[in-house]
Structure formats: C-alpha cells, structure tokens
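In: Need the 3D shape of this:
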Amino acid sequence: LDPLTGGVLAMVSNPSYNANLFVEGISYSDYAELRGSLDTPLLNRAVQGQYPPGSTVKPLISLGALARDFITPDTEIPDPGWYRLPGDDRRYRDWTLRVRGTGHAETVDLRMAIAESCDTYYYDLAHRMGIDAMSEVLQPFGLGQRTGIDTTGEQDGILPSTDWKRAALGEPWYPGETISAGIGQGYMLATPLQLAQAVMVLANKGESFVPSVVHRVDDLTVGGVQRPPIPVDEADWQAVVAGMVDVVHSPRGTAAGIARGIGYQIAGKTGTSQVVSIAQDAIYDEDAISERNRNHGLFVAFAPVENPRIVVAVIAENGGGSGAASPVARRIMDAWLSEASDV
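Out: Presented below is the predicted three-dimensional model:
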C-alpha cells in the first residue's frame with residue numbers, strides 16, 4: 001500500500017490461474033478443475049484468505065498497551081522461556097524454548113520483546129490487559145472488519161472478545177485463550193490486506209485511508225479517502241518503532257537476514273502462525289508435518305522509517321516460518337523505492 005493515500009501498489013494471490021480462460025467462456029471441465037483444486041486458486045488470498053496474524057500484531061498491541069498505561073517502554077519481565085498463569089500449572093512456551101531451550105534474556109523490555117519477538121513478554125501483557133482491552137486497542141487498526149477496498153469478496157477476519165465468543169460460539173471466554181491472543185493465535189484471524197492496513201495506520205502515526213485499487217478514472221483521481229485518525233503519542237510510537245527497526249537492523253532481530261546491503265531503514269515485524277496445534281512439550285518438526293499443515297510465515301513492514309512510502313504485508317502460506325516471507329517483502333520494497341525520487 002501507499003501509506004500516503006491507501007492506494008494498492010501491488011496485490012498478489014498465489015496459487016493463481018490463467019484469467020484468459022474466462023474471456024470467451026470457460027469450459028465446464030476447466031472450471032471444475034479450478035473449483036476442485038486443493039490449492040484453491042480461485043480464492044483471492046489478499047482479501048479473502050484469513051490467517052492467524054501471529055506475532056505481527058505485537059507492535060499494535062504494544063502501542064495500545066502504552067496508551068492505556070499497562071506498560072511503559074521500560075517495563076521489564078523475567079523470561080525463563082515460558083509463562084504460567086497464576087494458579088495454573090500449564091507452561092505457555094516461548095518459541096526460543098523450542099529452538100534453544102532458554103528464554104531471550106534474564107529480563108526483557110519492550111524494545112527487545114518486539115525485536116526478538118518474545119512470546120513470554122506478550123503472554124504476560126495479554127494477561128495484564130485481558131481480551132476485551134486487547135480487542136479494543138486492535139479495533140482502530142481495522143482488524144475484525146472489512147477495509148472497504150473497491151473490490152469484491154473481502155472477508156471480515158475475526159477480532160475475538162468475550163462478546164464475540166458468546167455470540168459466535170455460545171461459550172464463555174477462558175484465561176488461556178487470552179494468552180494465545182496475545183501472540184496473534186487462537187481465534188484471531190486477519191487477511192493480508194487487513195494487516196497491511198493496520199501497519200499503514202502505525203506508519204502514519206494514527207492516520208488511515210481506505211485501501212483502493214483504482215487510482216484514476218479518466219481525469220478524475222479517486223481513492224485517498226481518509227478515515228478519522230486515532231490518537232497516537234509520539235513517544236509511544238517511537239518506542240514501538242525502535243523495536244520494529246531492530247527486527248531488521250539489529251543482529252538479534254528476527255529478520256536481520258534481510259538487512260544485508262540495504263540503503264534505507266525498515267520497520268518490520270515477523271510472524272509465524274500455527275495451522276495445527278502441537279503438544280506443549282513437543283518440538284515442531286517441519287519434515288514430520290504435511291505441507292498443508294505447516295506453519296504460515298508472515299512479515300509486515302513500512303519503509304523508509306522517517307518518510308514512509310510503502311507498506312507491505314506478506315504471508316507465505318504453509319511456508320514454515322517468517323523466513324519465507326521477509327525476503328519477499330525486502331525485494332518488493334527494493335523494487336518500489338528504487339523508483340521513488342524522494343527516498
């Protein structure tokens with residue numbers, strides 16, 4: 001997206017299909033093949049694909065938590081690599097515990113939590129906030145609602161709350177579900193476009209536009225429809241974005257590999273979302289899981305940080321992790337910013 005207008009610079013859904021098949025009327029057999037494909041090529045994943053956003057929501061939750069004084073930029077928590085609810089023996093594990101058997105550090109503050117995607121920090125923060133406060137701070141970023149883009153078939157996604165679960169499932173909300181929501185898992189779902197819009201709001205310090213595919217009709221410029229801005233404190237924004245910059249530009253950042261040879265600064269956030277659950281004491285083994293059940297890889301970003309000209313959201317469906325998505329985003333940003341004269 002163009003953060004200055006909400007204009008769609010590029011939108012890709014893959015697997016795709018040959019649109020020429022529809023020009024003169026598609027045959028029954030060709031259409032049946034498309035409809036019956038397990039790859040669902042007729043699904044426009046950019047606006048219809050609904051995925052757990054994973055850790056890409058951590059900066060958004062952080063900004064809302066700062067605004068409501070649940071945390072400060074200096075708030076630290078101990079990180080043994082897991083979190084446990086009061087009175088509950090279950091351990092909610094950080095991804096580092098699975099990978100290297102430890103937490104991120106003895107204590108973790110906000111900047112490190114974003115840069116290294118510390119699950120333990122956000123388990124704790126989610127418990128402090130509760131699901132309804134978390135839902136309230138994410139709603140202004142556009143999650144759980146259609147963006148209003150000028151195309152068809154857009155899905156709502158899901159922004160869970162106690163009221164949502166009672167209405168949708170007729171069930172009460174449980175504390176453990178709040179912990180999962182704190183890292184963008186559980187019931188929470190978003191389309192790639194919704195994630196791009198959310199990052200646009202962040203990049204613009206609260207200003208937002210309705211995403212638009214059409215830029216001009218004859219001599220009339222369309223798009224650029226602005227929504228009411230949400231209040232964003234400058235110090236809070238700086239604290240969150242510092243962590244997002246470290247995601248890419250710090251050696252310990254979860255997307256540090258894409259910074260090599262870069263000539264501009266990116267604020268980004270990686271994400272990995274589970275397709276199937278695994279036991280708390282199990283190790284995720286990609287080779288032992290069928291391709292369609294492997295984790296999704298996500299990456300969202302805006303650049304350049306001080307003068308945003310592009311917002312990107314990439315989801316590598318069943319890609320295994322964010323390492324499948326972040327290099328794609330880097331190439332997209334390189335291509336677009338190389339054409340911009342004011343970067």
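
In: Centroid-nearest residue for this protein?
Out: The centroid of the chain falls nearest to T56 when counting by Cα atoms, centre = their mean (3.4 Å).

In: my read: that residue touches A301, true?
Out: No. Assessed by Cβ atoms under 8 Å, T56 is found out of contact with A301, at 9.7 Å. C-beta here means a position set from N, CA and C on the backbone, and glycine is covered the same way.

In: shared neighbours, the two?
Out: Each of K269 lies in contact with both T56 and A301 under the rule Cβ atoms under 8 Å, 6 or more residues apart in numbering.

In: For this protein, just list every one of the strands.
Out: 77-78, 82-83, 92-93, 107-108, 208-209, 216-217, 220-221, 226-227, 267-273, 296-303, 310-316 (DSSP state E).

In: Lowest average confidence across those, which one?
Out: Lowest mean pLDDT of the strands of the chain: strand 220-221, a mean of 68.

In: Can I get stretch 106-118 in PDB, CA atoms only?
Out: The C-alpha trace of stretch 106-118 is given here as PDB (Å, rounded to 0.1, in the frame of the first residue of the first chain):
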ATOM      1  CA  GLU A 106      17.100 -12.800  32.100                       C
ATOM      2  CA  THR A 107      14.800  -9.900  31.700                       C
ATOM      3  CA  VAL A 108      13.100  -8.400  28.600                       C
ATOM      4  CA  ASP A 109      11.900  -4.900  28.000                       C
ATOM      5  CA  LEU A 110       9.500  -3.700  25.200                       C
ATOM      6  CA  ARG A 111      12.200  -3.000  22.600                       C
ATOM      7  CA  MET A 112      13.800  -6.400  23.000                       C
ATOM      8  CA  ALA A 113      10.300  -8.100  23.100                       C
ATOM      9  CA  ILE A 114       9.400  -6.600  19.700                       C
ATOM     10  CA  ALA A 115      12.900  -7.100  18.100                       C
ATOM     11  CA  GLU A 116      13.200 -10.700  19.200                       C
ATOM     12  CA  SER A 117       9.500 -11.500  19.200                       C
ATOM     13  CA  CYS A 118       9.400 -12.500  22.800                       C
END
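
In: List the buried residues of it.
Out: 108-118 (16 or more other Cβ atoms under 10 Å).

In: what's it in contact with?
Out: Taking Cβ under 8 Å, 6+ apart as the rule, stretch 106-118 contacts 55, 58-59, 62, 66, 71-79, 94-96, 103-105, 120-122, 239-240, 242-244, 246-247, 250, 252-254, 269-271.

In: What's the ChimeraX line that selects buried ones from the residues you listed?
Out: In ChimeraX, this line selects whichever of the contacts of stretch 106-118 come out buried by 16+ other Cβ under 10 Å:
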select :55,58,59,62,66,71,73,75,76,77,79,94,95,96,103,104,120,121,122,239,240,242,243,244,246,247,250,253,254,269,270,271
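
In: residues contacting the residue nearest to T102 when sequence neighbours are not counted?
Out: Leaving out its chain neighbours, the residue that sits closest to T102 by Cβ to Cβ, 6 or more residues apart in numbering is G81, at 5.3 Å. Going by Cβ under 8 Å, 6+ apart, G81 touches 93-94, 96-97, 101-104, 120.

In: I77 now?
Out: 107-108, 120-121, 124.

In: ok, the residue nearest to it when sequence neighbours are not counted to Q185 distance?
Out: Nearest in space to I77, with sequence neighbours left out and distances taken as Cβ to Cβ, 6+ apart, is D124 at 5.0 Å. Distance, D124 to Q185, using Cβ to Cβ, to the nearest Å: 16 Å.

In: now do V225
Out: 33 Å.

In: the more surrounded of those two?
Out: Set V225 next to Q185 and count neighbours by other Cβ atoms under 10 Å: Q185 wins out with 21 against 14.

In: Enumerate every residue touching that one.
Out: Contacts of Q185 by Cβ under 8 Å, 6+ apart are 52, 54, 273-274.

In: Let's see if you can find the most crowded of those.
Out: The most neighbours of any of the contacts of Q185, using other Cβ under 10 Å, belong to G54, which has 27 neighbours.

In: My understanding was that that one contacts K269; is that so?
Out: No. Shown here, G54 and K269 do not form a contact pair, counting by Cβ under 8 Å, at 9.3 Å.

In: Next up, the contacts around H104.
Out: With contact set as Cβ under 8 Å, 6+ apart, H104 has these partners: 79, 81, 94, 96, 112-113, 116, 118, 120.
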